[in-house]
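Colleague: structure for this input, please:
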Amino acid sequence: MTTVLVTGANRGIGLEFVKQYAADGAEVIACCREPDAAKELKAVKGNVRVVALDVTAPASVEALQRTLDGVAIDIVINNAGVGGPRERTTGIIPFEAWLKVFAVNSVAPVLVASALRDNLLKGTQKKLVTITSQLGSVANHGGGAYPYHASKAAVNSFMRGLSKEWARDGIAVGIFHPGWVKTDMGGQSAPVTPEQSVRGLRARIAELSLANTGSFWDFQGKEIAW
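Modeller: The predicted structure is shown next:
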């Protein structure tokens, strides 16, 4: 049986990952900050284990590591993320807002990956996935939403480097753009549904191997420029 861990699993893309993997018979470890309040997540049918995790709190990540000690995990999906301020000029973006965006989007995936490395090594598939954004592409930067752009570029860079190091241990690293998705973050004008996005992302995850580790793709299989 495939075991998948998903962060930010209580809504949007994360919740859809849980639904689709569970429906296909996978064992899913669904992580969110407040399990008691995650009613839709807890209602998902299948082999779903809901676990408390605040990805920006090192103590919470360490607690998850202890809880999952010795558990083999095939796929870890770093999905938790925030949009942050959308002002077009850097001078009016509060310092604390910058830090929050980087804490969630850039630093947290690193903490989670490091904490669960041994679990991945015990797994069969050994895949680490980070859900990023094409807005993290420096080549395609069009201005605006500076904290978000920069935070995604930062996590892309880290995961690219990690893919080189972890390949020696057989762990493949996927860096994937989910599309502009109709979620709380993406808004109702977005053209892609969570179902469509996750179906595409799961296909990309299935294709992920040491041959394409560390490359940057969108959910439809198009490679994105760094």
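Colleague: worst-scoring helix or strand of the protein, pLDDT-wise?
Modeller: helix 95-102 (a mean of 91; mean pLDDT, DSSP states H and E).
Colleague: what does that one rub up against?
Modeller: With contact meaning Cβ atoms under 8 Å, 6 or more residues apart in numbering, helix 95-102 is reached by 56, 82-85, 147-148, 150-151, 154. (C-beta placed from N, C-alpha, C; glycine too.)
Colleague: highest neighbour count among those residues?
Modeller: S151 (28 neighbours; other Cβ atoms under 10 Å).
Colleague: now do the contacts for it.
Modeller: Taking Cβ under 8 Å, 6+ apart as the criterion, S151 is in contact with 84, 101-102, 104-106, 136.
Colleague: and if we set it to 10 Å?
Modeller: 81-84, 98, 100-107, 132-133, 135-136, 145 (Cβ atoms under 10 Å, 6 or more residues apart in numbering).
Colleague: redo the contacts of helix 95-102 as CSV? Include secondary structure and pLDDT.
Modeller: Converted to CSV, the contacts of helix 95-102 look like this (DSSP: H, G, I helix; E, B strand; the rest coil; pLDDT from 0 to 100):
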residue, secondary structure, pLDDT
T56, coil, 95
V82, coil, 93
G83, coil, 87
G84, coil, 81
P85, coil, 73
P147, helix, 90
Y148, helix, 92
A150, helix, 94
S151, helix, 96
A154, helix, 98
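Colleague: where does the residue lying closest to P191 once chain neighbours are set aside fall, phi/psi-wise?
Modeller: Distances taken as Cβ to Cβ, 6 or more residues apart in numbering place W180 nearest to P191, at 6.2 Å, with adjacent residues excluded. Phi and psi for W180, reported as degrees, to the nearest 10, are phi -90, psi 100.
Colleague: Throw the contacts of helix 95-102 into TSV and include distance to I29, thanks.
Modeller: Formatted as TSV, these follow (distance: Cβ to Cβ, whole Å):
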residue	distance to I29
T56	19
V82	22
G83	25
G84	27
P85	32
P147	29
Y148	27
A150	30
S151	25
A154	26
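Colleague: name the nearest of these relative to A22.
Modeller: Closest approach to A22 among the contacts of helix 95-102 (Cβ to Cβ): V82, at 25.1 Å.
Colleague: is K127 bridged to anything, and to what?
Modeller: I75, A172 (DSSP bridges).
Colleague: now the element after the least confident helix or strand of the chain, going C-ward?
Modeller: helix 108-115 (DSSP states H and E).
Colleague: name the helices or strands packed onto that next one?
Modeller: When contacts are defined as 3 or more Cβ pairs under 10 Å, 6 or more residues apart in numbering; DSSP states H and E, helix 108-115 sits against helix 58-67, strand 75-78, strand 127-131, helix 146-166.
Colleague: coming back round to it: buried residues, the least confident helix or strand of the chain. List them.
Modeller: Judged by neighbour count using 16 or more other Cβ atoms under 10 Å, the buried positions of helix 95-102 are 98, 100-102.
Colleague: what's the spacing between it and its chain's center?
Modeller: 19 Å (Cα atoms, centre = their mean, to the nearest Å).
Colleague: before we move on, what about stretch 144-156?
Modeller: 15 Å.
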